[in-house]
Structures are given as structure tokens and as C-alpha cells.
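**Student:** Sequence and predicted model, in that order:
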Amino acid sequence: EAKRSGKHLVKLYEPSMVDRRARDGVLAELLGDALHAGELQVVYQPLVDLSDGRPVGVEALVRWHHRDLGPVSPMEFIPVAERTGMITTLGLWVLEEACRQVRAWQLRRPGCRIYASVNISPRQLQEPTLVGDVLAVLSRTGLPATDLVLEITESAIVDEHAAVPALADLRAHGVRIAIDDFGTGYSSLQYLTRLPVDVLKIDRSFVSQLDSTPEGAAVAEAVIRLGQVLGLRTIAEGIETPAQAAELQLLGCGHGQGYLFARPMPAADLDDMMGTAPIRG
Ligand code: C2E
Ligand code: MG
Ligand code: MG
Ligand code: MG
């Protein structure tokens, strides 16, 4: 009897772990060809000025559609790409696509100064060629350095402390640095004052609690105040309701993004939105 239930336990645990590892292995292998096979796509989510709904920028987000597996979430394949090192190539490709696309939107409409916001993974921060690579992309695409924001998570900056001079160097060229998912990491606030940073992105988990729990509202407010004191812009992610947008604006949050305004979309679907007219949630 004991043996049987023991067997049962093994059955419960083992298959999922093996499946996970097997799938990661498969993903790692398939990802190697994904770029050349044209399976990767960059989609864009508008960032809007919360005071009037005008688009001020776009966040570039990568998508992978494999012919057999179907769509694979970046939450699943970005960590795999991190482990294999593929993220370096993939990340640079996303950066170049995004800069070229945003430059095209800028040129199409006089007076349109939207910026590109691009996610940079911890592994990319370790690359000694990071600064040179980013500057080369800017010069190839013609996007002004001041219209590029690099999104880096709090833990990545803490872990890759050696990258701080590189970030400072990029910043000296006009590139802005945002801390992504702010509030979910573990860095001390004291530390923050010494980092080369321009923008705090308030994590979606706090935004979603904004109109439901006092704790969520308190954290969002604290981040916005912190930003004000340190002279940093705050951007809220994951805004889904008009009440959340209104509350964030009331608290003094400048910019935001979320399904309320627009989902991440292929560039062609955003052509009409990238003007000066407000995106109404
Ligand atoms: P992130 O950088 O925090 O990006 C925001 C995520 O929130 C995106 O998920 C976006 O689709 C989602 N989102 C935006 N508004 C809403 C909303 O109103 N409600 C909800 N429920 N979700 C919303 P996505 O595209 O699945 O990307 C997940 C994560 O994968 C990103 O989180 C980022 O960490 C990573 N990622 C995506 N593309 C890249 C990339 O090109 N390079 C790197 N290094 N990481 C990437
Ligand atoms: Mg991001
Ligand atoms: Mg984020
Ligand atoms: Mg996030």
C-alpha cells in the first residue's frame, strides 16, 4: 500500500519536471532558428500621457510563433534565451527593429516625437559591447538617442553592478534608462539615488490593486512620490480600467500603458494611432 502511494507521488511530481526540462530543451533548440526562419515579430504597445491620452512612445515586445508549437509567450522563451545566450542576438534584433520603426513613424508625421522603449535583459548588460552596439543601432536607424529608453529590471541592475558605468555612458549620449517592474525587486532606496536612471515603471501588480486594496494604492503613491523627489518620471504599466487611469493621474503619474488604451500590436495596426490625437480608453 505504502509502495503504491509512493509510486503515485513520484508520478505526480516527476512528469511535470521532466516535461518542463524537455520543453525548455526543445525551445532552446528551436529558438536558435527562429530569427532566421522569420518566426519572431516585434509588437508595440503605446505609452500615453495620462493627462490627455496622447501617445508619447511605444514599448517594443517580442513575439514568437512557431509553426508546430504555435505562439510561445516571452515569459517562457526569454528566460530560455537568457540561459543559452541567444538573448544577445535576439535583443539586438528587437532594438534595431524598434528604432527603425519608431524613426519611420517620426518621419511620416512632422512633429511626432514618440520614443522607443526596449527591454534589455541582464545577460545583455554583461556584454562588453553593449554601448557600442546600441550607438551603432542608433546611427544605422537615425533614431535620436534622446528618443530611446532602455528598460532594465531592478534586480538586473543590482546583479550586474559592473554594468552601471556602461549605463551611465549611454545616458551621457542621451539614452534614457528605465527601471522596469519597479517595486518587485529588492534594491534599497538609498541605492536608487546612485543609479543612472531616468524613469520608474510601476509594476502592473500595484496598478491592478490600485482601485481594490489600500496597500496597492499606497505602493503606487509611494513610487510616484519617490519619483517626484528624485526627479524621475513615473510610468504605470497594466492600466486596465478608467478608474485606475484617473487615480494614477491624480497621484501625479505622468505616463501609462495598458489594455485600457491599447494592447501590444503589429506596427501596421498602430500607424493611425501614432499621430497626435488622444487614445481614449
Ligand atoms: P514587461 O517588460 O514588464 O512588459 C509588459 C507586459 O505587460 C507585456 O507582456 C504586456 O503585453 C503586458 N501588458 C501590458 N498592458 C497590460 C494590461 O493592461 N494587462 C495585462 N494583463 N498585461 C498587460 P508580454 O508582452 O507578454 O511580455 C512579458 C515580459 O517578457 C515583459 O514584461 C518583458 O520582461 C519580457 N519581454 C518581452 N519582450 C522582450 C524583449 O524584446 N526583450 C527582453 N529582454 N524581454 C522581453
Ligand atoms: Mg518592459
Ligand atoms: Mg514592465
Ligand atoms: Mg511587468
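**Tutor:** Great, that's in hand. Ligands and ions are numbered 1, 2, ... in the order given.

**Student:** Enumerate the residues of this structure near ligand 1.
**Tutor:** Contact residues, the chain versus ligand 1 (Cβ under 6 Å from any ligand atom): 45, 61-62, 73-75, 78, 91, 94, 119, 121, 151, 180-181, 204, 237-240, 257-259, 264. Placement of C-beta: from N, CA and C, glycine included.

**Student:** Now with 5 Å, please.
**Tutor:** The chain has residues 61, 62, 74, 78, 94, 119, 121, 238, 240, 258, 259, 264 near ligand 1, with proximity defined as Cβ under 5 Å from any ligand atom.

**Student:** What's the PyMOL line that selects buried ones from those residues?
**Tutor:** Command for PyMOL that selects the buried part of the residues of the chain next to ligand 1, burial taken from 16 or more other Cβ atoms under 10 Å:
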select buried, resi 61+62+78+94+119+121+238+240+258+264
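
**Student:** Can you pick out the ones from the residues of the chain next to ligand 1 that are in helices?
**Tutor:** Under the assignment DSSP state H, those contribute 74, 78, 94 to helices.

**Student:** now these as TSV including distance to ligand 2 and pLDDT?
**Tutor:** Formatted as TSV, those follow (distance: Cβ to the ion, whole Å; pLDDT from 0 to 100):
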residue	distance to ligand 2	pLDDT
74	10	97
78	11	97
94	11	98
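
**Student:** any idea which of the residues you listed is closest to ligand 3?
**Tutor:** Comparing those against ligand 3 with Cβ to the ion places residue 74 closest, at 11.3 Å.

**Student:** returning to that earlier point: hmm, which two among the residues of the chain next to ligand 1 are most spread apart?
**Tutor:** Farthest pair in the residues of the chain next to ligand 1 (Cβ to Cβ) is 121 and 240. Separation: 26.0 Å.

**Student:** and stretch 167-178, how far apart are its ends?
**Tutor:** 11 Å (Cα to Cα, to the nearest Å).

**Student:** and if you look at stretch 118-127?
**Tutor:** So stretch 118-127: terminal residues 16 Å apart, Cα to Cα.

**Student:** Which elements pack onto the helix or strand hosting residue 132?
**Tutor:** Using DSSP states H and E, residue 132 maps to helix 130-141. If you count contacts as 3 or more Cβ pairs under 8 Å, 6 or more residues apart in numbering; DSSP states H and E, helix 130-141 packs onto helix 87-108, strand 148-153, helix 164-172.
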